[in-house]
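> Provide a 3D model corresponding to the input given below.
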Amino acid sequence: LKLDHPNLVRLFGIMLNPLRMVMELCDGGELHKAIQKGLIKGLEEEIALDICKGMAFLHSQKPPMVHI
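Sure, this is the predicted structure:
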């Protein structure tokens, strides 16, 4: 199953011991921290739409992807 979409962060692999995820580096850091610092003023609607696009892609897969 290939999950390639511009609104998803790529997962390259996992390690079991210790448990780690190797993911794509996203410039700008964590979205949660940017929101807390007020760095995304005026971009809220665009960010929400991008999140919806990524979620819609995951839900369109057969079988649908489970996410947390």
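> bridging residues for Leu16?
Leu19 (DSSP bridges).
> Downstream of the helix-or-strand element of the chain with minimal mean pLDDT, the next helix or strand is which one?
Across the helices and strands of the chain, mean pLDDT, DSSP states H and E gives its lowest value to helix 31-36, namely a mean of 86. Using DSSP states H and E, the helix or strand that follows helix 31-36 in sequence is helix 44-60.
> Name the residues that touch that next one?
Residues outside helix 44-60 that contact it (C-beta atoms under 8 Å, 6 or more residues apart in numbering): Leu3, His5, Asn7, Leu8, Leu31, Ile40, Pro64, Met65, His67. No exception for glycine: its C-beta is placed from N, CA and C like everyone else's.
> now the chain, which segments are flagged as low pLDDT?
Confidence mapping of the chain against pLDDT under 70 gives the ranges 1.
> how near is the residue of the chain most remote from its centre to Ile68?
The outermost residue of the chain, judged against the average C-alpha position, is Asn17 (23.8 Å), by C-alpha atoms, centre = their mean. The gap separating Asn17 from Ile68 is 21 Å, by C-beta to C-beta, to the nearest Å.
> quick one: the least confident helix or strand of the chain to chain centroid distance?
14 Å (C-alpha atoms, centre = their mean, to the nearest Å).
> same question, stretch 7-16
Chain-centre distance of stretch 7-16: 10 Å, with C-alpha atoms, centre = their mean.
> likewise stretch 51-67?
11 Å.
> Just the CA trace of it, in PDB.
Extracted C-alpha coordinates of stretch 51-67, given in PDB (Å, rounded to 0.1, in the frame of the first residue of the first chain):
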ATOM      1  CA  ILE A  51      -5.700  18.600   6.900                       C
ATOM      2  CA  CYS A  52      -9.100  17.700   5.500                       C
ATOM      3  CA  LYS A  53      -7.500  16.800   2.200                       C
ATOM      4  CA  GLY A  54      -5.100  14.500   3.900                       C
ATOM      5  CA  MET A  55      -7.800  12.900   6.000                       C
ATOM      6  CA  ALA A  56     -10.100  12.400   2.900                       C
ATOM      7  CA  PHE A  57      -7.200  10.700   1.100                       C
ATOM      8  CA  LEU A  58      -6.700   8.300   4.000                       C
ATOM      9  CA  HIS A  59     -10.400   7.500   4.300                       C
ATOM     10  CA  SER A  60     -10.600   6.800   0.500                       C
ATOM     11  CA  GLN A  61      -8.100   4.000   0.700                       C
ATOM     12  CA  LYS A  62      -9.300   0.400   0.500                       C
ATOM     13  CA  PRO A  63      -9.500  -0.700   3.300                       C
ATOM     14  CA  PRO A  64      -9.800   2.800   4.900                       C
ATOM     15  CA  MET A  65      -6.800   3.800   7.100                       C
ATOM     16  CA  VAL A  66      -7.200   4.000  10.800                       C
ATOM     17  CA  HIS A  67      -5.500   7.000  12.400                       C
END
